[in-house]
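> Got a predicted structure plus its sequence, pasted below:
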Amino acid sequence: MNTNVVCPKCKADNCTYNDTCIKCDTPLVGDEVRILDKTADLWNAFLKLTDGHPDERNEFKLCVHRMQDILSARMAAKLTEGIFKTFRDSVKNAK
Ligand SMILES: [Zn+2]
C-alpha cells in the first residue's frame with residue numbers, strides 16, 4: 001500500500017517518501033506509515049500459516065500491536081511538536 005501523506009499543517013498532499021512537506025517543510029510521518037503498512041503485511045502473512053501452538057496467534061497479534069504502538073508514538077511526537085518530548089529534544093537540552 002502506498003498512501004500519500006497529508007501535511008498536518010497546510011494539508012498539502014505529499015509523497016510518502018518525503019521527510020518534510022513540499023510546501024511548508026513540516027515534518028511528515030512517511031517512514032512510519034510505510035513500516036505500519038508492513039506490520040499489517042506481517043499479520044496477514046502470519047494468518048496464512050498452518051499448525052503451530054494455539055497461543056501463537058494471540059502472542060503474535062500482541063507483538064504487532066506493540067510495534068504499532070511505538071510507530072504511533074513516533075508519529076504523535078512528530079505531528080504535535082512540543083507536547084511529546086523526543087530523544088532528539090532530550091539530547092538537545094542536555095547540551
Ligand atoms: Zn505543509
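Ah, there it is.
> Tell me which residue is most central in this protein.
Nearest residue to the geometric centre of the chain (CA atoms, centre = their mean): E32, 3.0 Å.
> quick one: contacts of the helix or strand that contains it?
Using DSSP states H and E, E32 sits in helix 30-47. Contacting residues not belonging to helix 30-47 are listed as 1, 3, 5, 14-19, 57, 60-61, 64, 67-68, 71, 74-75, 78 [CB atoms under 8 Å, 6 or more residues apart in numbering]. From N, CA and C alone the C-beta is placed, and that goes for glycine too.
> Show the subsequent helix or strand relative to it.
Along the chain past helix 30-47, the next helix or strand (assigned with DSSP H and E) turns out to be helix 56-79.
> For the residue nearest to the centre of the chain, give its distance to the ion.
As judged by CB to the ion, to the nearest Å, E32 and the ion stand 17 Å apart.
> Could you find the closest non-adjacent residue to K23?
Counting by CB to CB, 6 or more residues apart in numbering, the nearest residue to K23 once its immediate chain neighbours are dropped is A12, at 4.2 Å.
> related to what we said a few turns ago, per-residue pLDDT of the residue nearest to the centre of the chain, please?
Predicted confidence (pLDDT) for E32: 87.
> Now the residue of the chain positioned farthest from its centre. Its backbone dihedrals?
Relative to the centre of the chain, the most outlying C-alpha is that of D51, 30.7 Å out, by CA atoms, centre = their mean. Backbone geometry at D51, expressed as degrees, to the nearest 10, gives phi 60, psi -160.
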